[in-house]
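[1] Okay, here's the prediction I keep looking at, along with the sequence it came from:
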There are 2 protein chains.
Amino acid sequence: MTDINFSKSAGDPDSKGAEGASPAPRAGELRWDIIELLFFAYRDFVGDADHELEVFGFGRAHHRVMHFVHRYPGLKVADLLDVLRITKQSLGRVLKQLLDEGYIVQKTGNNDRRQRLLYATPKGEALVGKLAGLQTDRITRALGGIDPAGVAAIGQFLRAMIDRDDPDKVLEAIFGTSGKKT
Amino acid sequence: MTDINFSKSAGDPDSKGAEGASPAPRAGELRWDIIELLFFAYRDFVGDADHELEVFGFGRAHHRVMHFVHRYPGLKVADLLDVLRITKQSLGRVLKQLLDEGYIVQKTGNNDRRQRLLYATPKGEALVGKLAGLQTDRITRALGGIDPAGVAAIGQFLRAMIDRDDPDKVLEAIFGTSGKKT
DNA sequence: AAATTTATGTCAGTCATATTGACATATCTT
DNA sequence: AAGATATGTCAATATGACTGACATAAATTT
């Protein structure tokens, strides 16, 4: 999916009825520029990985799972569901494939034996690493020529775009006590 | 789609037990931070619109179409296909719904009567405006506290993340002679 | 004028990813 | 023992995407 889904946000007081029938909501205020740039930037960003994934017979869903399992070793299935915001059934098929094909392994939790902690295998790491390399190339290229202060602003902006209401385990790691990551 | 599609990266030196076969490509260089922030930022950004779209019985595809038709009045069907990077068949159903329900109208081209130029109706403008308002709220909030130079850096970064190889009509408008939109 | 190309629309069949709801099992908590 | 939790799985469905084939109208070329 090339997801565009621009956003919504809140309430747009005036929106539609603005002048005549056309809403022209907050005329000059809407950030059409950023909205569009985010769409195209994200489209091309995820596009990098898509081609590579085809080679493995995987889709974006597999990438998402591999990414988080790799980054947060020992993630539980429930954590993954929170992060990806999909249902158990949707995750099930993808996760099963990754397990069957040896990209991920499960280990029973030490404290709670009902839990299946997920870990990437070397094979899984290789895949995730390859995909991150492609995306990193694009990011590095895009950051070229931007000074440290600018890079910091970019990080600040991206973080501020994320909902903090009910952070999942991964977001807690990103924003939590260890709030690093520009 | 909550598209994540990260990329690859590799190595995570320590992760689970990967040592061994894992590629660990360019270990310290991978931008896991930006990769992840882009995922979450985009997920929440598009999430804003999703809820609102449900009210109308529409999906993200409808939003994308409405957005570009609104922003670039008179866009041809072929242009839309280039921008959205989907097939005629996929666009067909969505576009037909929007036409049937009065969010968009078609006008035969003046020069070329085969063309169906697309325009948003006031009703369509209202919807797009509402969605853009929600997303703009998030963007404005995220940009708060960032100085002009930082905002410029963000725009520069997002633009640089976009492929420029074969720009479609919309990208030409964004980057072309009238390259504005920070 | 006839042939070809272009712009659009549409039909049929398929796929990937997602959904909800119902259950089953193992394990932890009370 | 009873109940709650973590996970897995089955069935049925929806959306948005795909390929390929074909039809029509209008423009362009020959």
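    Nice, thanks for sending it over.
[2] neighbours of the residue in chain A that DNA strand D sits nearest to, just the number please.
    Proximity of chain A to DNA strand D (CB to the nearest atom of the strand) peaks at A:Ala78, 2.9 Å away. The way it works is simple: take the backbone N, C-alpha and C, and place the C-beta from them, glycine included. A:Ala78: 13 surrounding residues under other CB atoms under 10 Å in any protein chain shown.
[3] next one: A:Val128
    So A:Val128, with other CB under 10 Å, has 34 neighbours.
[4] ditto for A:Asp168
    Neighbours of A:Asp168 under the rule other CB under 10 Å: 18.
[5] In space, not sequence, find me the middle residue of chain A.
    With distances taken as CA atoms, centre = their mean, the residue of chain A nearest its centroid is A:Arg64 (7.2 Å).
[6] just checking, next helix/strand downstream of the strand or helix carrying A:Leu53?
    Following DSSP states H and E, one finds A:Leu53 within helix A:32-56. Using DSSP H and E, the next helix or strand after helix A:32-56 towards the C-terminus is helix A:60-71.
[7] how about that next one against DNA strand C, any contact?
    Yes: counting by CB under 7 Å from any atom of the strand, DNA strand C has neighbours in helix A:60-71: A:60-62.
[8] Serialize those to CSV and add fields for pLDDT.
    Below are these laid out as CSV (pLDDT from 0 to 100):
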residue, pLDDT
A:Arg60, 87
A:Ala61, 88
A:His62, 91
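[9] What about chain B: which of those touch it?
    Within the set of the residues of helix A:60-71 next to DNA strand C, contact with chain B (CB under 8 Å from any CB of the partner chain) is found for A:Arg60.
[10] which parts of chain A sit against DNA strand D?
    Contact residues, chain A versus DNA strand D (CB under 7 Å from any atom of the strand): A:1-2, A:76-78, A:88-89, A:92, A:95-96, A:106, A:112, A:114-116.
[11] which non-adjacent residue is nearest the residue of chain A found nearest DNA strand C?
    Taking CB to the nearest atom of the strand, DNA strand C has its nearest neighbour within chain A at A:Gly59, 1.5 Å off. Of all residues not flanking A:Gly59 in the chain, A:Leu53 sits nearest, at 6.3 Å (CB to CB, 6 or more residues apart in numbering or on different chains).
[12] Contact partners for the closest residue in space to A:Lys76 that isn't next to it in sequence?
    Using CB to CB, 6+ apart and skipping residues adjacent in sequence, the residue nearest A:Lys76 is A:Gln115, 5.2 Å away. A:Gln115 sits next to A:76-77, A:108-109 when contact means CB atoms under 8 Å, 6 or more residues apart in numbering or on different chains.
[13] who's in contact with the one helix or strand in chain A whose mean pLDDT sits lowest?
    Every helix and strand in chain A was compared by mean pLDDT, DSSP states H and E; the lowest is helix A:169-175, with a mean of 85. In this structure, residues lying in contact with helix A:169-175 by CB under 8 Å, 6+ apart are A:68, A:71-72, A:75, A:79, A:82-83, A:159, A:162, A:164, A:167, A:181, B:36-37, B:40.
[14] Show me the helices in chain A, by range?
    Remark: helices assigned in chain A by DSSP state H are A:32-56, A:60-71, A:77-84, A:88-100, A:122-143, A:148-160, A:169-175.
[15] and these, which one is worst for confidence?
    Lowest mean pLDDT of those: helix A:169-175, a mean of 85.
[16] With distance to B:Thr121 and neighbour count added, can I get the residues of helix A:60-71 next to DNA strand C in TSV?
    Converted to TSV, these look like this (distance: CB to CB, whole Å; neighbours: other CB atoms under 10 Å in any protein chain shown):
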residue	distance to B:Thr121	neighbour count
A:Arg60	34	20
A:Ala61	36	23
A:His62	41	23
